[in-house]
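**Q** This is the structure alone, sequence omitted:
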C-alpha cells in the first residue's frame, strides 16, 4: 500500500513536471535576434558603468545582461516585464529617465517660464510707452548707421 | 629626489601666488605703486616656476619613474614617448597642474602686454588670476600631489609626499599605463583644448571683477577682453567638437554626443559664454544690460570651475564618493566663495550699472539678443538640472537615478529650434528699432526659398515632421545669412567698383565681427544638418556572421571575409581585426576593417570602428564579439549615420568664422595716424 502510494505520487510529480516543461517549451519562440535584444537594451543603462546604454556597453557583465534579455524574450516576456525585472534587481538607475517624470521636467519648465516672464516684464518696463509703431517706422532709417547706409546705398545703386 | 624638487617648486609657486594676491590688494589700497609692481613681478614668476614643475613631471613621466604614484598610474614602459608627455593631463593631479600652468601663462600674457594701458584694472586682474591659481596649485600642494612617491611600510605600499618613518621607497617594475581611450590623437588634443577654453574665460572674468572693484563699469572691460573672450570661446567650442569626434572614433557607440554629465560639464560654460558674446554687443552699442553681462561672465567663470569640479571630484559617480574625496568639498567651497563675492560686488555697484538707454522695440536687435540669452539660459537650466537631479535624488531619497539622453533631447530640442529661428531673424533686425514691416520686407525672400527647399525635401527625402522643421530652419538661416552677405557685397561692388569676390572679401575685412559672426551662424547650420541626420535618421543592425555570410542595412550589404589576431609586443597590444567587403547594390565599394584592440598593461579593450564616410552618410561597423575557439563566427554591429559629415565640415567653417571675427583689427591703429589725403566717400559696405 505504502509503495503504491509512493509510486502514485512519483507519477503525479513526473507528470506535473513534464507538463510544466512542455508548457515552457511551447512558450519559447524562435531565438530573438540581436536587433530585438538591442532594442530593449538601448532603453536600459548599464548598472555598473556610468552613463552607458546597455546595448553598447562592452563589458562582460553587460554581455551577460544582454544574454539575459535574450533569454527573457525567448521566454515570451514583454519589454515592460524585462524593464521591470532590471529595475527590481538593480534599482531605478537602469532606466534612461527617472521614474518620476513630473519631478524631472517640472523644475526646469518652471524655471524657464519664470525667466520668460521676467524678461517679458523687463520688456514692459524698458519700453518707452510713448513710442508707437508709426514713430518707429519713421525713426528707423537713421537708427542703425550700418543698416541705414546699406539701405541708402542699395536704393541709390539699383 | 627629483620628485621632491618638483614638489618644492610647487610649494614655492603657491606661496608666490599668495604673495601676489596680498601685495596687489595692499599696494592698491594704500596706493603704493612699488607694491603693485612687486605683485605683478611675483605673478610673472609663476609661469617659469610652474613650467619648471611641469618639466620635472614630464621628465619623471618620460623616464619611467614608477616610484612616483602619478607616473605609475598613467604611463607604462610600452607607451611611446609622446604619449608619456601627454599623460601629463591624463590623470587628476597632472591635469590640475596643467590647468595652473595654462592659467599662469595667460595671466602673464595679459600683464606683460598692456600694463600701462590697463593700469587701473590690472592689479585686480592679478588678484583674481592669482586667487584662482592659488586655489588650483593649493589642490596640488595639499591634496593631489603629482610628485607623491610610493613607500613600503609595515602596513603596505602607499603614496606619500614625504618619506614616512621606517619606510623604503617602492619602485614598481612597470606602470599601469594610460587608459587606452586616452591614447587616441583626438584625446591628446581634446583635453588641452577644453582646458584652454576654460582657463581663458578666467581673463574676461578677471577684468569684469576689476571693473566692479574700481567702479569703471562702462564697456571698457568688455572692449579690452573682447578678443580674449572670442579665443576662449573658440578653444572651448573646438574642445567640444574634438571630444565629439573622439567619441565617434573611439567609444564605439556610433554617436558623438551622449549627454554624459562630463560632456555637459564642458557644455554649460559654453552656453553662458555664447550668451555673453551676444549680449556684450548690446552694452557696446546701446549701453544697456550691464548687470546682466557681469552676471553672465561670473556664471561662465563659476561654471568653468564647476566643470572641473564635476569631472574631478567624483561627485558624479555618487554623492558619497564626493564626501570622501578630499578635493570635492573644497571645489564646492571655492565656487560658493567666488559666486557670493562676485554677485555681492554687482549688488554693491548696482546703481553704476544702470542702463544708459532704453529699449524701444520688441523686434530691435537688442531685444532679440535678449531672447537669445533667454534661450541659452533655458538650455543651461535643463543641462544643470539634468546633471544635479541624480545627486539630489540620491541625497534626499537614497534612490540612484539616471538622467539620460531622452530627457535632454526632449527638453532642449524646442529650445534649439527657437534659437535657430532667432538666428534667422536677428541678423535682419536693426539696433534700436525694427518693426514687423521692416523685418517682413527683409525676410520674405529667404522664407520663400526655405519653404521651397523644405517642399523639395518633403517630396524626395523625408516625411518626418521634426526633420522637416529642422531643415526649414537650417535653410532659412543660411539663406538669410547669404542674402545679407550678398546685399553688403553688392553695395560695395557698386560703390567701390570692385568685382564681387573682392567686394565680399573686403566687406568681411572691414566688418570682421559681423561677417565672422555670419560665417559662424552658417557653420552652426551645417553642424545642425549633421545632428539632424544622425539623430533622426540613424539606422542600426547587429548580427553574427560566419565567413562569407552577409548583413544588410539601408542600401549597403556587408560580406564577412576574414579575421586575424596578432600581438604587437613592443606596444603591448593585441589586435583582432576583421575584414568585410562592402557593396551597394551590385557595386563593390571596398573593404572595412573594424578592430578590437586589447591593451595588456591596463587590461582594457578598445573598439575601433571601420568607417566609410561620404557627405550622404557614414557606414560605421563595429566588431562586437569574436572568440577564436568558438565556431559561431563574429558579431558585427553596423550603423548608417546619414549626413554626419556635415557636422565635421561645419566645425571647420566654424573655426574659420571665429578666426575672422577675432583677427586683430588694424583699423583703429590706422585711425590714430593723421590722414593727409582727402577723405573718400564712405560706403555702407565699409
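**A** Received the coordinates, thanks. Quick caveat: nothing in here was measured; it's all calculated off a predicted structure.
**Q** all helices of chain A, in order?
**A** With DSSP state H as the criterion, chain A has helices at A:2-27, A:34-41, A:60-74, A:79-90, A:101-126, A:133-143, A:145-157.
**Q** Out of the ones you listed, point me to the one whose mean pLDDT is lowest.
**A** Ranked by mean pLDDT, these end with helix A:133-143 in last place, scoring a mean of 48.
**Q** Name the residues of stretch B:56-67 that come out as buried.
**A** Of the residues in stretch B:56-67, B:56, B:57, B:58, B:60, B:61, B:62, B:64, B:65, B:66, B:67 count as buried by neighbour count, 16 or more other C-beta atoms under 10 Å in any protein chain shown. Where C-beta positions appear, they are placed from N, C-alpha and C, glycine not excepted.
**Q** How far does stretch B:74-85 stretch from one end to the other?
**A** Terminal residues of stretch B:74-85 lie 10 Å apart, using C-alpha to C-alpha, to the nearest Å.
**Q** in that stretch, what counts as buried?
**A** For stretch B:74-85, by 16+ other C-beta under 10 Å, it's B:74, B:75, B:76, B:78, B:79, B:83, B:84, B:85.
**Q** of all the residues you listed, which comes closest to chain A?
**A** In terms of C-beta to the nearest C-beta, no member of the buried residues of stretch B:74-85 lies closer to chain A than residue B:74, at 20.2 Å.
**Q** and the gap between the most centrally placed residue in chain B and residue B:288?
**A** When C-alpha atoms, centre = their mean is applied to chain B, the residue found nearest the centroid is residue B:236 (2.8 Å). As judged by C-beta to C-beta, to the nearest Å, residue B:236 and residue B:288 stand 26 Å apart.
**Q** Over to residue B:383?
**A** As for residue B:383, its distance to residue B:288 is 27 Å (criterion: C-beta to C-beta).
**Q** and if you look at residue B:583?
**A** When distance is defined by C-beta to C-beta, residue B:583 is 61 Å away from residue B:288.
**Q** Look at the two and report which has more neighbours.
**A** For the pair residue B:583 and residue B:288, the greater number of neighbours falls to residue B:288 (22 against 17), based on other C-beta atoms under 10 Å in any protein chain shown.
**Q** In space, what's closest to the more buried one - neighbours in sequence excluded?
**A** Here the nearest residue to residue B:288 in space, its sequence neighbours aside, is residue B:355; by C-beta to C-beta, 6 or more residues apart in numbering or on different chains that works out to 4.2 Å.
**Q** okay if I get the buried residues of stretch B:74-85 as JSON lines plus distance to residue A:79, pLDDT and secondary structure?
**A** As requested, the buried residues of stretch B:74-85 are arranged in JSON lines below (distance: C-beta to C-beta, whole Å; pLDDT from 0 to 100; DSSP: H, G, I helix; E, B strand; the rest coil):
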{"residue": "B:74", "distance to residue A:79": "42", "pLDDT": "91", "secondary structure": "helix"}
{"residue": "B:75", "distance to residue A:79": "46", "pLDDT": "92", "secondary structure": "coil"}
{"residue": "B:76", "distance to residue A:79": "44", "pLDDT": "91", "secondary structure": "coil"}
{"residue": "B:78", "distance to residue A:79": "45", "pLDDT": "87", "secondary structure": "coil"}
{"residue": "B:79", "distance to residue A:79": "45", "pLDDT": "89", "secondary structure": "coil"}
{"residue": "B:83", "distance to residue A:79": "44", "pLDDT": "90", "secondary structure": "helix"}
{"residue": "B:84", "distance to residue A:79": "48", "pLDDT": "93", "secondary structure": "helix"}
{"residue": "B:85", "distance to residue A:79": "49", "pLDDT": "93", "secondary structure": "helix"}
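**Q** Just flag the most distant two among these.
**A** B:78 and B:85 (15.3 Å; C-beta to C-beta).
**Q** In contact with residue B:224, which residues are there?
**A** Under the criterion of C-beta atoms under 8 Å, 6 or more residues apart in numbering or on different chains, the contact partners of residue B:224 comprise B:118, B:121, B:207.
**Q** Pull out the buried positions in the helix or strand containing it.
**A** Secondary-structure element containing residue B:224, defined by DSSP states H and E: helix B:220-246. By neighbour count with 16+ other C-beta under 10 Å, helix B:220-246 contains the buried residues B:221-222, B:224-226, B:228-246.
**Q** For the next helix-or-strand element following it, buried residues please.
**A** Along the chain past helix B:220-246, the next helix or strand (assigned with DSSP H and E) turns out to be helix B:261-286. Of the residues in helix B:261-286, B:261-283, B:285-286 count as buried by neighbour count, 16+ other C-beta under 10 Å.
**Q** filter those residues by proximity to chain A?
**A** Filtering those for neighbours of chain A using C-beta under 8 Å from any C-beta of the partner chain leaves residue B:261.
**Q** from the buried residues of stretch B:56-67, which ones fall inside helices?
**A** B:56, B:57, B:58, B:60, B:61, B:62.
**Q** Please identify the one among those that lies nearest to chain A.
**A** Looking across these and measuring by C-beta to the nearest C-beta, the closest to chain A is residue B:61, at 27.3 Å.
**Q** Give me the pLDDT for the nearest residue to residue B:623 once chain neighbours are set aside.
**A** Using C-beta to C-beta, 6+ apart and skipping the chain neighbours, the partner closest in space to residue B:623 is residue B:594 (4.1 Å). On the pLDDT scale, residue B:594 is placed at 95.
**Q** Could you double-check that residue B:312 sits in contact with residue B:93?
**A** No. Taking C-beta atoms under 8 Å as the definition, residue B:312 is not a contact partner of residue B:93, at 9.9 Å.
**Q** anything in stretch A:62-82 near chain B?
**A** Yes. If you take C-beta under 8 Å from any C-beta as the test, stretch A:62-82 does meet chain B, through residue A:63.
**Q** Report the buried residues of that stretch.
**A** Residues A:62, A:65, A:66, A:68, A:69, A:70, A:72, A:73, A:77, A:82 are the ones in stretch A:62-82 that count as buried (16+ other C-beta under 10 Å).
**Q** contacting residues for the last one?
**A** The contact partners of residue A:82, taken as C-beta under 8 Å, 6+ apart, are A:40, A:69, A:72, A:73.
**Q** ok, now how distant is it from residue B:657?
**A** Taking C-beta to C-beta as the measure, residue A:82 and residue B:657 are separated by 48 Å.
**Q** Also the fourth one?
**A** Here the distance between residue A:68 and residue B:657 works out to 50 Å (C-beta to C-beta).
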